[in-house]
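> Sequence first, predicted coordinates after that:
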Amino acid sequence: MLQLLKSLTETDGVSGDEGRVREFIKKEISPYVDKMITDSMGNLIAVKKGSAENPKKVMLDAHMDEVGLIITHICDDGMLKFGVIGIDQRVLLSKRVMIAGRVPGVLGIKAIHLQKRDERNRVVKADDMYIDIGARSKEEAEGLVSLGDYATFTTECEDIGSGRIKAKALDDRAGCAVLIEVLKDNYPDDLYVNFAVQEEAGLRGAGIAAYRINPDIGLALEGTTCSDVPGADEHMYSTVMGCGPAISIIDRSSYSSKDIVNGLIDAAEDAGIPYQMKRTMTGGNDAGMIQRTHEGVKTGVVSVPVRYIHSPAAIMDVTDFENTVSLIKEFLKKGACCK
Amino acid sequence: MKQLLKKLTSAYGPSGNEETVREIIKKEIEGCVDEIKTDSLGNLIAVKKGSGSKVMIAAHMDQIGLVVTYIDDTGFLRFAPAGGFDVTDLIDRKVIFGNGIVGVVSYENEIKEIKDVTVNNMYIDIGAKDREDALTKVQEGDAAVYYTTFGGNGDRVTSCALDNRSSCAVLIETIKNLKDSPHEIYFVFTVQEELGSRGASTAAFAIEPSACIAVDVTDTGDTPKSQPMSVKLGEGPAIKVFDQSVMVHPAIKNIMIDEAEKLGVPYQMEVLKAGGTDTGAVALSKSGVPSGCLSIPCRYMHSDSEMVDISDMEGGVKLLTGLLNDGIRI
């Protein structure tokens, strides 16, 4: 399972550039599914038939895309300007990035010796930063990268502490990994598992996938904010690491169906799986689009708590991940969602 | 009308928790329509069958609410807003949960200036001794609404949830007054309007109407040093021209004006600078639906003491009934 998370998080796939992640997932799940479709936007929809006589259509969704940068301009001196997709600009400085999966670069900044006093105390805006790929000229840079190429952090996935991992892109490769594991088992209902594109750019992929699938119920799997850290009040923790999968009641994009929330809680309690309720309503996710598809779809959201999402290095507790897999499996096996 | 309005505003129905209101409405209209169904998001759809074009009449059932996100060790509840709240409206207000548990909203005492109060430093006090005690009354995920008594002088009544139970009452009375309409009419009591017209958009997808009129409340400009807005309480139902969610289809607007003139129902025109309604969501459904909105003027919107004039609602019933009996031809 750890190898799966390592491979998934180390594969680059910024919103709009999910091809590599999609190909990896395809290989992983092909033995376990009946059919796979890649739609016009790039969503990977895997179908796994259920054993029930009149199976319901259950849509499970995790997004493949991660936050990152997009190259917008190559300067005369060979430096690259970029646009930001979903990243807090304060975390960008001096980070190593990989462009188009093959060209390494550094987000440069004037050395501290050369900075004026007020410069040292100021947050540098993303607009004022550049990526240095070691090119001597515009021509040399143009030989290596093209406008519109994407860049991501180069973080390796590693163990940290005991039973925890550090990686980039756990939002939402953690969700992707959960669904890959879930697909290895069998269930009464038909599963339509959507590995979505462009969630970070505004929940774009899930909407059209849900329209195609037209499911009876929908469940979004996320790597969500976990803010159980110094400086945050307890009620603003959002989720707490190590306390199990987080079930959402409400967020910016959807109000979860009570049938699904109760089904998840029952599944967790019957199987003795720890769980927590998400404490804040911040953020939105693909459930918001699924809920409003066609004539309306009952939806829920289950998340693996992840600290420092949208940054170069996030931290996740592996037991939370494992418990999320168990919870989704139990929930689906019961067919609880389809009463 | 007043009794019906009292019953509807006293019912508990925050966004996402519209069950109680739905049951009350169902009972009111049973026997007056040909079919009643509840869809997967919880919209109540009442159909008056006919051979003519499909018309959708929508009013949302939900009211703004507070969703409990966390209960601390000392038994105080933290919450997230479901719908648009002005935090200053919330301070020291009573709220009630679906099971009748009552609480008071306040904010962390160390905050010295009201402008620093946000929903993140507010809490609900249900008088619990500690978390364990609180959990015997309220669970994380439960929602609360304003707790105020319905009151008023004559036609002017005040209560919470007049947004949008006053419009639900208008729809109910219209259903009861309908004669022979040339349309097949879909009365939709929608869910989750306060969270972005979610129920209306999926209901419109299912019904695919040829025209729609939503009924909702609107702001007024008739209180001391009020925002400039021409809508006044008691001057009749308002015909919407514009809000943040929609430019009303001119044909619908004109049909509404003509009908009001024909019936001699006093009316006013509404241009709402802030806010949106189900009209906007329905207008953009599928290949588009010509949509309008009949508005009930309402003071102090989204507070625990909103105010409407019953005569505006009665005018609304007359106008809506007339429109449906005579037909909406575009």
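Cool, got the structure.
> Please make it C-alpha for all contacts and neighbour counts, starting now.
OK.
> who in the stretch 51-200 of chain A is up against chain B?
Residues of the stretch 51-200 of chain A that fall close to chain B, judged by Cα under 8 Å from any Cα of the partner chain: none.
> residue boundaries of the helices in the stretch 51-200 of chain A?
Secondary structure of the stretch 51-200 of chain A, counting by DSSP state H, counting those that start in this stretch: helices at A:117-120, A:138-144, A:170-182.
> If you count contacts, what does the longest one end up packed against?
Yep, that's helix A:170-182 we're talking about. helix A:2-10, helix A:19-29, strand A:57-63, strand A:217-225, strand A:298-307, helix A:318-334 (3 or more Cα pairs under 8 Å, 6 or more residues apart in numbering or on different chains; DSSP states H and E).
> show me what contacts residue 159?
Since no chain was named, I'll use chain A. A:Ile165, A:Lys166 (Cα atoms under 8 Å, 6 or more residues apart in numbering or on different chains).
> That was the other one, I meant chain B.
Taking Cα under 8 Å, 6+ apart, one finds B:Thr9, B:Thr148, B:Thr149, B:Phe150, B:Gly151, B:Asp304, B:Ser305, B:Glu306, B:Met307 in contact with B:Ser159.
> For it, give the beta-bridge partners.
B:Glu306 (DSSP bridges).
> rewinding a little: could the helices and strands packed on helix A:170-182 be laid out in a markdown table, adding mean neighbour count?
Formatted as a markdown table, those follow (neighbours: other Cα atoms under 10 Å in any protein chain shown):
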| stretch | mean neighbour count |
| --- | --- |
| helix A:2-10 | 19 |
| helix A:19-29 | 17 |
| strand A:57-63 | 27 |
| strand A:217-225 | 26 |
| strand A:298-307 | 29 |
| helix A:318-334 | 22 |
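> returning to what we had before: by neighbours, which of the contacts of B:Ser159 wins?
With neighbours taken as other Cα atoms under 10 Å in any protein chain shown, the top of the contacts of B:Ser159 is B:Thr9, carrying 25 neighbours.
> which ones are touching the residue lying closest to that residue once chain neighbours are set aside?
Spatially, and ignoring its direct neighbours in sequence, B:Thr9 is nearest to B:Ala161 (5.5 Å; Cα to Cα, 6 or more residues apart in numbering or on different chains). Residues in contact with B:Ala161 (Cα under 8 Å, 6+ apart) are B:Thr9, B:Gln63, B:Ile64, B:His302, B:Asp304, B:Glu306.
> quick one: A:Gly284 from A:Lys298, how far?
Here the criterion is Cα to Cα, to the nearest Å. By it, A:Gly284 lies 16 Å from A:Lys298.
> ditto for B:Asp312
37 Å.
> go on, B:Ser201?
According to Cα to Cα, B:Ser201 stands 14 Å off from A:Lys298.
> Ok, A:Gly143 next?
Noted for A:Gly143: a distance of 50 Å to A:Lys298, by Cα to Cα.
> One more: B:Thr277?
Counting by Cα to Cα - B:Thr277 and A:Lys298 are separated by 22 Å.
> Would you enumerate the residues in contact with the closest residue in space to B:Thr218 that isn't next to it in sequence?
Nearest residue to B:Thr218, sequence neighbours excluded (Cα to Cα, 6+ apart): B:Pro297, at 5.0 Å. Taking Cα under 8 Å, 6+ apart, we find B:Pro297 in contact with B:217-220, B:231-234, B:237-238, B:308-309, B:312.
> Swap in 7 Å and give it another go.
Shown in contact with B:Pro297 (Cα atoms under 7 Å, 6 or more residues apart in numbering or on different chains): B:Val217, B:Thr218, B:Asp219, B:Thr220, B:Val231, B:Lys232, B:Leu233, B:Pro237, B:Ala238, B:Val308.
> Kindly report the same for A:Gln89.
Neighbour list for A:Gln89: A:Lys125, A:Ala126 [criterion: Cα under 7 Å, 6+ apart].
> mind checking which helix or strand the closest residue to chain A within the stretch 51-200 of chain B is in?
Going by Cα to the nearest Cα, chain A is nearest to B:Thr69 of the stretch 51-200 of chain B, at 4.5 Å. According to DSSP states H and E, B:Thr69 maps onto strand B:65-71.
> Which elements pack onto that strand?
strand B:77-82, strand B:143-146 (3 or more Cα pairs under 7 Å, 6 or more residues apart in numbering or on different chains; DSSP states H and E).
> Quick one: mean pLDDT for it?
For strand B:65-71, the mean per-residue pLDDT is 96.
> same check, this time on stretch B:35-48
For stretch B:35-48, the per-residue pLDDT averages 97.
> do that stretch and chain A meet?
Yes - Stretch B:35-48 is in contact with chain A by Cα under 7 Å from any Cα of the partner chain, via B:Ser40, B:Leu41.
> Show me the domain layout of the chain.
This is for chain A. If you go by automatic domain parsing, the domain ranges for chain A are A:2-66+A:168-338, A:68-153.
> My question was about chain B, not that one.
Taken from automatic domain parsing, chain B resolves into B:2-63+B:160-326, B:65-146.
> A:Asp270 is nearest to which of these?
domain B:65-146 (19.0 Å; Cα to Cα).
> start to end distance for the closest one?
End-to-end distance (Cα to Cα), domain B:65-146: 8 Å.
> cool, and stretch B:200-214?
Counting by Cα to Cα, the terminal residues of stretch B:200-214 are separated by 9 Å.
> Please consider this matter closed, and thank you.
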